[in-house]
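>>> Show me how the following folds:
(2 chains)
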Amino acid sequence: MRDFIKVAIGILIAFLFYTIFSRVSPSVLLLFNILSLVVIYFAVEKGEVFGSCLGAACGLIHDYFSFGVYGVGGLAKTATGYLAGYLSRKIDIGPPLRNFFFLVVLIIFELILWALLYFFIVPESINTGGGLIFIQPLSTAFLGSVVFFFMRKLTAKSKY
Amino acid sequence: MPLFLKERKNLTILIALIFFHFLLISMQVPLGEKASLFEKTVFSVFSPLRHGIVSFFKGIGKVWTNYFYLRNVKSQNKKMEEEIFFLRQENNLLRNAIQRFQSERELQERLLEMHENILSAQVIGLDTSSYYKTVIINRGTLDGIKKNMVVLDKNGNLVGRIIEPISLKEARVQLVTDDASGIGVFSQKKSVPGILTGDGEGQCLLKYVLATTRPDEISEGEDVITSGYDRIYPPGIKVGRIVSITSDASLHKHIIVDPYFDFRYLDQVAVIMKSPTEIFKD
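Here you go, the predicted model:
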């Protein structure tokens, strides 16, 4: 029950972020992929099945905000959630630098998968926001590393 | 459970989820058709939440404006009074000009009809994948909103039309800058017809103007207004201004139009509450 509350809070924060910035400054949404961070965080904590299911849910939200074809974002995030959970079991992603590169690789993977699906289904050019989308993996990974670092400290403190 | 069996189970779940997504995508193809039940359901579930969040933050903004940001109110008030004075003069001049062609009664009827058929709305969301395609407004079927109703900005310039999905209190608006839009238009001076479509990047293209059209027939700086030929947009609404006309080897000129509505200030819009069938029946 506690896990679901944590997930719900994470999704709500992401939803708030998307709603506010889609009106104030849509470019920020291209820089930071908050929904993917939520998926990756809980995939690492709870495993690949949880990650892929959460990816499906967060992907639907992403598709809703992009007014796109439902399922494109979902598929990309489902695969990302599964990969995050699977890789986190195989390698130690505790150290901050390794965590950062782990996030960079996953965000790039999701971006490429999403772009390929988008081109295949909706043969239109993607809004790159003047190149901002290419910085997304780095900026999202940086934000994610910082947030995950503090989240883990908080979790460790609450345990002891 | 042995590890390989657990991994097999996890992979099965992943494959099931991927299959579900492919099914979901295939339900929505071909694109451009009526919104599917799934799309309408998701839109109806998430839009009220978005609406609520935007209203909450606007409420906080109002508290700040009404109770804290009271500096310069007096000088702003004075400026507005002056502006109202000149607008009244302009209004009288225009009324006098129109009355030469219409009786007072006809004019009053027309103004009252316009007033009754306009619904104001707020923009509560943008398309995060492409800002210039669609927006969401805070009006829906409960307010009488229907597909293809025309949307204007606060100055009466064309913004777009209502498209699906439409929920109880939210609706999607296709902007004139969407590359999937198509509007029958004229140039203002010599009424050269064409189809206006968006370029997906904030401007519009006026298509199907023959390359043989002379410069005195269509030129840069000219206004573009709706023609009504598409039977969706009423005639005579200002859309934009021609900013560039070039010719190449093709049959038609390459004309770029800057829309009049300002995307940065697209907060308040007006919906014409008559569907195209009702407008063109009149």
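
>>> how about the helices in chain A?
A:2-24, A:27-31, A:34-46, A:48-65, A:72-90, A:96-121, A:132-159 (DSSP state H).

>>> Give me the below-cutoff pLDDT ranges for chain A.
Where chain A drops to pLDDT under 70, the residues are A:123-125, A:159-160.

>>> still on that earlier bit, now the helices of chain A in JSON lines, with distance to chain B?
(C-beta placed from N, C-alpha, C; glycine too.) Compiled in JSON lines, those are given as follows (distance: least, Cβ to the nearest Cβ, whole Å):
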{"stretch": "helix A:2-24", "distance to chain B": "5"}
{"stretch": "helix A:27-31", "distance to chain B": "5"}
{"stretch": "helix A:34-46", "distance to chain B": "11"}
{"stretch": "helix A:48-65", "distance to chain B": "5"}
{"stretch": "helix A:72-90", "distance to chain B": "4"}
{"stretch": "helix A:96-121", "distance to chain B": "6"}
{"stretch": "helix A:132-159", "distance to chain B": "10"}
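
>>> so where's chain B shaky on pLDDT?
B:1-4, B:29-35, B:37, B:66-72, B:82, B:85-86, B:88-90, B:92-116, B:279-282.

>>> would you list every one of the helices in it?
Using DSSP H, helices in chain B cover B:3-27, B:37-63, B:73-99, B:104-116, B:276-281.

>>> Now for B:A171, how many residues are close by?
Residues contacting B:A171 under the criterion other Cβ atoms under 10 Å in any protein chain shown number 28.

>>> near chain A, which residues of chain B?
Taking Cβ under 8 Å from any Cβ of the partner chain as the measure of proximity, chain B contacts chain A at B:10, B:13-14, B:17-18, B:20-22, B:24-25, B:28-29, B:31, B:38-39, B:42-43, B:46, B:49-50, B:53-54, B:57, B:123-131, B:133-134, B:172, B:179, B:200.

>>> which of those count as buried?
B:10, B:13-14, B:17-18, B:21, B:24-25, B:28, B:39, B:42-43, B:46, B:50, B:53-54, B:123-131, B:133-134, B:172, B:179, B:200 (16 or more other Cβ atoms under 10 Å in any protein chain shown).

>>> to the chain's geometric centre, what's the distance from stretch B:47-67?
Distance, stretch centre to chain centre, for stretch B:47-67: 22 Å (Cα atoms, centre = their mean, to the nearest Å).

>>> Using CSV, write out the CA atom coordinates for that stretch.
Provided in CSV are the C-alpha atoms of stretch B:47-67 (Å, rounded to 0.1, in the frame of the first residue of the first chain):
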residue,chain,number,x,y,z
SER,B,47,-8.5,16.8,-18.6
PRO,B,48,-10.5,17.7,-15.5
LEU,B,49,-7.4,17.1,-13.4
ARG,B,50,-5.4,19.4,-15.7
HIS,B,51,-8.3,21.9,-15.6
GLY,B,52,-8.3,21.8,-11.8
ILE,B,53,-4.5,22.4,-11.5
VAL,B,54,-4.6,25.3,-13.9
SER,B,55,-7.6,26.9,-12.1
PHE,B,56,-5.8,26.4,-8.7
PHE,B,57,-2.7,28.2,-9.9
LYS,B,58,-4.7,31.0,-11.6
GLY,B,59,-6.6,31.4,-8.3
ILE,B,60,-3.3,31.9,-6.4
GLY,B,61,-2.3,34.4,-9.1
LYS,B,62,-5.6,36.3,-8.7
VAL,B,63,-5.1,36.6,-4.9
TRP,B,64,-1.6,38.1,-5.6
THR,B,65,-3.1,40.5,-8.2
ASN,B,66,-6.1,41.5,-6.2
TYR,B,67,-4.7,41.9,-2.7
